[in-house]
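Trainee: Quick one: sequence and predicted model below, then my questions.
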Amino acid sequence: MSGPTRLSDLARRDREEVTRVDRAPLAPLPPPLDDSGTRPPFAPLSDQARERFDGALDGTLALNLPVPAGPDEERALVERFLAGLDKLFERENNWTFLEPLVLTMEHCAKCQTCAEACHVFEASGGEEIYRPTFRAEILRRLYFKHVKNGGLLAAWLHGDITLNWPLVARLAELSYRCNLCRRCAQACPIGADNGLVAHELRKLFSQELGIAPKELHDNGSMLQLSAGSSTGMTPVVVRDNVEFVDEDVSEKTGLEVKTPWDVEGADVLLVHNAGEIMAWPENPGAFAVILNAAGISWTMSSELAGYDSINYGLWYDDAQFARVAIRHAEAARKLKVRKIVLGECGHAHKALAVVADRVLSGDLDIPRESCLTLFRDIVASGRLKLDPSRNDFPVTLHDPCNVVRLMGVVEPQREILRAICPQFREMAPHGVDNYCCGGGSGFAIMSGHNFRDWRLQVSGRKKVEQALEAFADCLDPSIPKYICAPCSNCKGQFRDAIEYYGLWKKHRILYGGLAELIVNAMTDVKPGFIEWEWH
Amino acid sequence: MTVLTFLLIWLGLGVFAAATAARAVRYARAPVHLRWELYPVPHEAPERAAHGGSRYEELEWWTRPQRRHLLGELAYMLPEMLLLAGLRQHNRRLWYRSYPFHLGLYLVAAACALLAAGALLDVAGVPLGDGAANALTAACDLLGTAGVVLSAGGALALLHARLTDPKLAAYSAPADYFNLALFAGVLPLAGLGFLLEPAPSLLVAARVARFDTAAPLHPALAAGLALASLTAAYIPLTHMSHFVGKWFTYHNVRWDDGPTSERVRAKMTEYLTYRPTWSASHVQADGTKTWRDVVAGTPPRRGQR
């Protein structure tokens, strides 16, 4: 194969990948990772996986699409895809995003301005399939040919495309090579949204064909709806676990920390990403310390799904999204709280505060607020005694896309960091122009086959570059450094990336949330809340 | 020939207006979607708009009135419309080609608008003095000439880019080349026609307005105007109607951050009565359940496919 990948390559009937990003020269990283010899190995897909699963695209797999039994099954699957394609453009089935989708289908000028804004495209060294317009152009041609029944005129006006099972299978995979950060949409002069295209394709596959990554669906939204949390924690287990967290944090801080549960009439219902309780218990512990010290009337809920703010449906399925959003609101209604405060989880912010806004009505319309805004108020009010010298180490801030570009919470976290971290420095670019961590839209929890290699070498590459550049003046391992990432999924990606590139071992770069930095600066707390240990 | 040209001019203008309006109405009648805004939103309060912040930056934001700062929106929109500021910022190389093309079209549109205004005054029996008529004609000719040169040059430059830049060529349909060639050909032909036509442009416009076909048009002008009219009719049928689409992508999507009004609440109530037909088992949409029923239920745990 030579030359860049073409749109028609996705319909190739052979079962070979259309490109091999695992072997491709990727965008260079800054020192100390600028030596190509430092590139971690990108594990090839196993022969078994290549044989069992369809959708060969780029040398990795996010989905496990079984190979159809024969031509009849292939045809049936293509028919189902076409049925889903129609539904994607029907008012009754997709009123939720119909207008922005149609606008994007009908007005892209194919100027490729968006490509320069995409971190995946850039990191891959300009691999054609990651160009934001690549998957959008395929959907556009299918839309005009099959939904608008355009025939030859559509082919002339918009370009032709061959529809077969290989195209459908590869398109399904390709919808999971975008972080949905929508930086491309921000750069589009017309306002077309190629991030939305990936989102809508995922919906088509999930809602019509039942195709979604098991981490997001079976082990994600389905588990949350049945057990209460994608972590599998039931209400009893979560209360037990938080009790342990309270004990640990009490010991660590010298303060008596107790998390209130199911307090009817509390001002604040705090909802964490439950992954924090399992993976980074110091974060919910720090929240408890701050809220108690600030005298906030707050509670957590042990209602089903009320203690886990995640809403993976945001990334792939409207029905699952709405079901979870309603459960969150119902938990708040039951406790008669005044507001819901979202913990450090980016997609939970956007899901419940922004995207669900219009469907939560009546007594489910309980105000939702970002914890960053509440923290800013607490810090600025002087209710906590804070000593910035306790945080006198280099700190940089990662902006979770869902909080910043997609919700507009930009300054509160910065005001806090400027107040309590003397060596705070920004990444470039930052704020609403930030780059995704590379784990966005569910990737941070997806590691099947060699997908972890892909997200750490490709989608996460730009963020590694940014972090290294932010600390370029202090890479010496004698200086501990902290990436503040106020989002669970982003933290998951940072944890994996820092380990993958040896950045903790060689350069003492650590990551964590914002709440931990605040508690670390509290003079009422025993010094050293942030432990400079790998975890 | 002149009769046919005049017919095509009226037909072209009519189709342009009707198709543009139909497209705008289609978008305006689309269902209210879930919020999907993208920051910065320029009508936010000035102290927040500067860094791309939203009302969510305020503690208990729902207790404060949300005001749209239209001046902020205007300050964003004017450079975007007049200078293609977004393209200039994100894709300077293409802007050097695209901006002359669009500026040329604006100037041609301005010349046409002036001619139409003069013609309407003539039809209405409002006499324009010789001085005013000459000035209007000169202004139209100047704007028109500059517009034709810029837009045709820009179209050729864009066509060259689309033909020679692999990343543009790979995504271009035959019509994309045709459209640019059309502008590069038709506009200079119409411009040349006005140069060859003995009657001043204002007089030609007045004849079109009155459908006065007594004096024949120069064949070059007749051909140019006929093709330009067909082009005008063709534009709103294609993605080149992004002058309509862009209003909706910005105001109805990117900047649509407003509080949920009673009208929107009523719409949501209506949409929740729709009966989805998505087939995946976990959705549990059998065509009889409404969206409200679907999202109130808990799907049974099952395999994916």
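Mentor: Received the coordinates, thanks.
Trainee: Just the C-alpha atoms of stretch B:237-245, please, in CSV.
Mentor: What follows is stretch B:237-245, C-alpha atoms only, in CSV (Å, rounded to 0.1, in the frame of the first residue of the first chain):
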residue,chain,number,x,y,z
LEU,B,237,-29.3,24.1,-3.3
THR,B,238,-25.7,23.3,-2.3
HIS,B,239,-23.4,23.5,0.7
MET,B,240,-22.5,27.0,-0.6
SER,B,241,-25.5,28.1,1.3
HIS,B,242,-23.4,28.2,4.4
PHE,B,243,-24.2,31.8,4.7
VAL,B,244,-27.6,30.4,6.0
GLY,B,245,-26.2,27.4,7.8
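Trainee: The stretch 201-305 of chain B: helices as residue ranges?
Mentor: Ranges of helices within the stretch 201-305 of chain B are B:201-210, B:219-234, B:242-248, B:262-271, B:291-296, based on DSSP state H, counting those that start in this stretch.
Trainee: If you count neighbours, what's buried in the second one?
Mentor: Read it as helix B:219-234. For helix B:219-234, a neighbour-count test (16 or more other Cβ atoms under 10 Å in any protein chain shown) marks B:220-234 as buried. Backbone N, C-alpha and C define where each C-beta goes, glycine included.
Trainee: cool, the last one as well?
Mentor: Judged by neighbour count using 16+ other Cβ under 10 Å, the buried positions of helix B:291-296 are B:291, B:293, B:294, B:295.
Trainee: how about the helices of the stretch 201-305 of chain B, which one is nearest residue B:163?
Mentor: helix B:219-234 (20.4 Å; Cβ to Cβ).
Trainee: how about low-confidence regions in chain A?
Mentor: A:1-2 (pLDDT under 70).
Trainee: Now for the most centrally placed residue in it: which residues touch it?
Mentor: In chain A, the residue lying closest to the centroid (Cα atoms, centre = their mean) is residue A:440, at 2.5 Å. Contact analysis of residue A:440 by Cβ atoms under 8 Å, 6 or more residues apart in numbering or on different chains lists A:179, A:180, A:181, A:346, A:347, A:401, A:402, A:459, A:489, A:490.
Trainee: Quick check: closest non-adjacent residue to the second one.
Mentor: The reference is to residue A:180. In space, and not counting its chain neighbours, residue A:180 is closest to residue A:441: 3.9 Å by Cβ to Cβ, 6 or more residues apart in numbering or on different chains.
Trainee: Surely that neighbour is within a helix?
Mentor: Yes. Counting by DSSP: H, G, I helix; E, B strand; the rest coil, residue A:441 is found in a helix.
Trainee: tally of neighbours for it?
Mentor: 27 (other Cβ atoms under 10 Å in any protein chain shown).
Trainee: thinking again about what came up before, would you show me how to pick out the buried ones of the contacts of residue A:440 in PyMOL?
Mentor: Command for PyMOL that selects the buried part of those, burial taken from 16+ other Cβ under 10 Å:
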select buried, chain A and resi 179+180+181+346+347+401+402+459+489+490
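Trainee: Which of the contacts of residue A:440 fall within helices?
Mentor: Using DSSP state H, A:346, A:347, A:489, A:490 are the members of the contacts of residue A:440 that sit in helices.
Trainee: what would those residues look like in a markdown table with distance to chain B?
Mentor: Below are those laid out as a markdown table (distance: Cβ to the nearest Cβ, whole Å):
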| residue | distance to chain B |
| --- | --- |
| A:346 | 13 |
| A:347 | 14 |
| A:489 | 19 |
| A:490 | 18 |
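Trainee: for the residue nearest to residue B:221 when sequence neighbours are not counted, what are its contacts?
Mentor: Leaving aside its sequence neighbours, residue B:221 sits nearest to residue B:193 (Cβ to Cβ, 6+ apart; 2.9 Å). With contact taken as Cβ under 8 Å, 6+ apart, residue B:193 is in contact with B:217, B:218, B:220, B:221, B:222, B:223, B:224, B:225.
Trainee: Swap in 10 Å and give it another go.
Mentor: Residue B:193 makes contacts with B:5, B:204, B:217-228, as judged by Cβ atoms under 10 Å, 6 or more residues apart in numbering or on different chains.
Trainee: Helix or strand for it, just tell me which one.
Mentor: Assigning secondary structure by DSSP states H and E places residue B:193 in helix B:174-196.
Trainee: ok, back up a step: just curious, which of the contacts of residue A:440 is nearest to residue A:391?
Mentor: residue A:490 (19.8 Å).
Trainee: okay, now the closest residue to that closest one other than its chain neighbours: neighbour count?
Mentor: Closest residue in space to residue A:490, ignoring its immediate chain neighbours: residue A:437 at 4.3 Å, by Cβ to Cβ, 6+ apart. Using other Cβ under 10 Å, the number of residues around residue A:437 comes to 36.
Trainee: Tell me the spatial nearest neighbour of the residue nearest to the centre of chain A, not counting adjacent residues.
Mentor: Nearest non-adjacent residue to residue A:440 (Cβ to Cβ, 6+ apart): residue A:179, at 3.6 Å.
Trainee: Chain B contacts on the stretch 401-535 of chain A?
Mentor: Residues of the stretch 401-535 of chain A lying close to chain B by Cβ under 10 Å from any Cβ of the partner chain are A:403-415, A:431-433.
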